[in-house]
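Asker: Got a predicted structure here, sequence first:
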Amino acid sequence: MKSKRIHHPIVTLPVANGRMYIVSSPALASQVQRASASLSFEQLTVEVGPRLLGIDEKTKRIIADPKTKVVSHALNHIIHPYLGPAEMEGLCVTQLQRFTDFFDGILSGLETDLFRLVTREITRAGMATYYGPENPMAIQTDLIDEFWNWETGIVAYMVGIMPQWTARRAYNGINRCAKGFEEYFNRGRHAQASELVRRRQKLHDDAGISYSQQSRLEVGLSLGINVNASITLFWVLNNVFSRPSLLAELRHEIQSNAILLPNTISFAALRDSCPLLNSVYRETMRFCAPMSTTRYVSDDTLIADRYLLRKDSIVQIIGGLLHSDPGIWGHDVDSFNPRRFYHTPNGSKTSDNGRVPASKGSQIHPAAFRAFGGGTSLCPGRHFAQVEVLSFAATMVMGWDMEPPKGQEKIRWDPPMDEKTFLVAAIKPLRNLDVKLVRRQGMEDTKWVLQY
């Protein structure tokens, strides 16, 4: 790729209405993250959000009005606090119970597209956890597919040129989901929702946002709840089950460190005592979630005492460049290395002999790993996503084998990634991954319990 031959830490690109700065250096990315006073994430949210969700002009004015502070208040006083490690226990316990029910219902021999199975189950569970048992996607189960129809066509929908024709499935998908949420509010079903959702809904009420427009905002929150975690989980399962030796190592690690009773898996132990599983999770995200961090430059800003970013331009930290730079990660940057994050959550540079050293000098700059963004826009749901992905993956690893479905000689692992589509969320596969789920020998009747 031409972009891989650019070795400048920052470059300027001309765009239609000005300029865009592209950052590809971890050290400079860190500087950009620190300059949050003049490099605004909220301004971009105000501009992009309405196009993403089909918000009307009145609601856009309410959101953009600095007096209402709808966006900053929701992020700083509702979403971030309720998704912090110390406050999210109730949500996690509920989510893990829903996973427990799901695993109990899997019949040995189930043939399925693994991507569809994982993404739809994470969506079902997440919507019930956040929005309660009478959430729109529980009342109308076909809305789950409508939601994913919108997500798949989200870029064409955002362009906004006659989306009812140019992005018909996405247009119909978000409209149907929004109608479902409007009925949810009108019938008072949000009284059963999580504290996070109820407080956010009151904020929107107080700001004067109608139920019809609140409904679209909830579809947007659902995007954050469901999409990245479920896509990442799919790739984790692909990466583990396609590598028999890695699968065996993980089974030994989980069995030795995270099984409290014969059928109980502890998330706390997965997080704290299973370094290989955590490394697989983060290395998977390096490939499937090279998220870019974008900021609006509200005032002329000098970065690193050297680079002047002009007012009314855009600066973007390109996750794909950072995640694929051999100067950062080592000569095996294009290969999946399950131990790359074994010693540190920031990762270690692979040595020439192929080992991942534990030495401090090999540790990678923390701003190089972009799967959760960085700075003031660091993903508030990252801790909850870790609970979901590690717990779900560990249960599959311990309880199931994957075999080829009927009529297929072998499983077609590693479907190609949809890397050419403009990245809004984690990268999806370009084809199905069909598998048969078979309960492991000796565990045919095990009822797994997931503990927070």
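Answerer: Happy to help now that I have it.

Asker: residue ranges of the strands in this structure, please?
Answerer: Taking DSSP state E, the strands of the chain run over residues 10-15, 18-23, 39-40, 110-113, 259-261, 264-266, 293-297, 301-303, 307-309, 314-317, 400-403, 434-439, 449-451.

Asker: Can you tell me the strand partners of the last one and which way each runs?
Answerer: Put plainly, it is strand 449-451. Strand 449-451 has the following sheet partners, assigned by DSSP bridges: strand 264-266 (parallel).

Asker: Same check on the fifth one?
Answerer: Using DSSP bridges, the strands paired with strand 259-261 in its sheet are strand 264-266 (antiparallel).

Asker: next one: the fourth one
Answerer: Strands adjacent to strand 110-113 in the sheet, as given by DSSP bridges, are strand 434-439 (antiparallel).

Asker: do the first one as well
Answerer: Paired with strand 10-15 in the same sheet, following DSSP bridges, are strand 18-23 (antiparallel).

Asker: mind listing what's buried in the strand it pairs with?
Answerer: The neighbour-count check on strand 18-23 (16 or more other CB atoms under 10 Å) flags M20, Y21, I22, V23 as buried. C-beta here means a position set from N, CA and C on the backbone, and glycine is covered the same way.

Asker: ok so, going back, any chance of the strands of the chain in TSV with distance to P345 as columns?
Answerer: As requested, the strands of the chain are exported to TSV (distance: least, CB to CB, whole Å):
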stretch	distance to P345
strand 10-15	26
strand 18-23	22
strand 39-40	25
strand 110-113	31
strand 259-261	24
strand 264-266	20
strand 293-297	18
strand 301-303	26
strand 307-309	28
strand 314-317	19
strand 400-403	28
strand 434-439	30
strand 449-451	22
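
Asker: wait, which of those is closest to R243?
Answerer: Between R243 and the strands of the chain, the shortest gap by CB to CB is with strand 400-403, which sits at 11.8 Å.

Asker: mind checking how far the helix ranked longest in the chain is from the chain centre?
Answerer: Under DSSP state H, the helix in the chain containing the largest number of residues is helix 211-241. Relative to its parent chain, helix 211-241 has a centroid offset of 6 Å by CA atoms, centre = their mean, to the nearest Å.

Asker: Check which helices and strands it is in contact with.
Answerer: The contact analysis (3 or more CB pairs under 8 Å, 6 or more residues apart in numbering; DSSP states H and E) places helix 211-241 against helix 42-53, helix 114-131, helix 143-152, helix 168-186, helix 195-207, helix 244-257, helix 275-288, helix 382-399.

Asker: picking that back up, from the buried residues of strand 18-23, pick the one nearest D445.
Answerer: So of the buried residues of strand 18-23, ranked by how close each gets to D445 (CB to CB), first place is V23, at 53.8 Å.

Asker: who does the closest residue to that closest one other than its chain neighbours bridge with?
Answerer: The shortest distance from V23 to any non-neighbouring residue, by CB to CB, 6 or more residues apart in numbering, is to I317 (4.6 Å). Listed by DSSP bridges, the beta-bridge partners for I317 are V23, T293.

Asker: Mind pulling the model confidence for I317?
Answerer: pLDDT for I317: 94.

Asker: Residues contacting stretch 65-80, please?
Answerer: 42, 45-46, 49, 62-63, 196, 199-200, 203-204, 207, 209, 380 (CB atoms under 8 Å, 6 or more residues apart in numbering).

Asker: picking that back up, pipe the buried residues of strand 18-23 into JSON lines and attach pLDDT and distance to T232 per row.
Answerer: JSON lines is the format used below for the buried residues of strand 18-23 (pLDDT from 0 to 100; distance: CB to CB, whole Å):
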{"residue": "M20", "pLDDT": "93", "distance to T232": "28"}
{"residue": "Y21", "pLDDT": "95", "distance to T232": "28"}
{"residue": "I22", "pLDDT": "94", "distance to T232": "25"}
{"residue": "V23", "pLDDT": "95", "distance to T232": "24"}
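
Asker: Now do the same contact list for the closest residue to V227 other than its chain neighbours.
Answerer: In space, and not counting its chain neighbours, V227 is closest to A425: 4.5 Å by CB to CB, 6+ apart. Contact partners of A425, counting by CB under 8 Å, 6+ apart, are E151, L223, V227, N228, I231.

Asker: next one: S273
Answerer: N257, A258.

Asker: pLDDT score for it?
Answerer: The model reports S273 with a pLDDT of 98.

Asker: So which residues of the stretch 301-450 of the chain form helices?
Answerer: All helices of the stretch 301-450 of the chain, identified by DSSP state H, counting those that start in this stretch, fall at 319-323, 326-329, 382-399.
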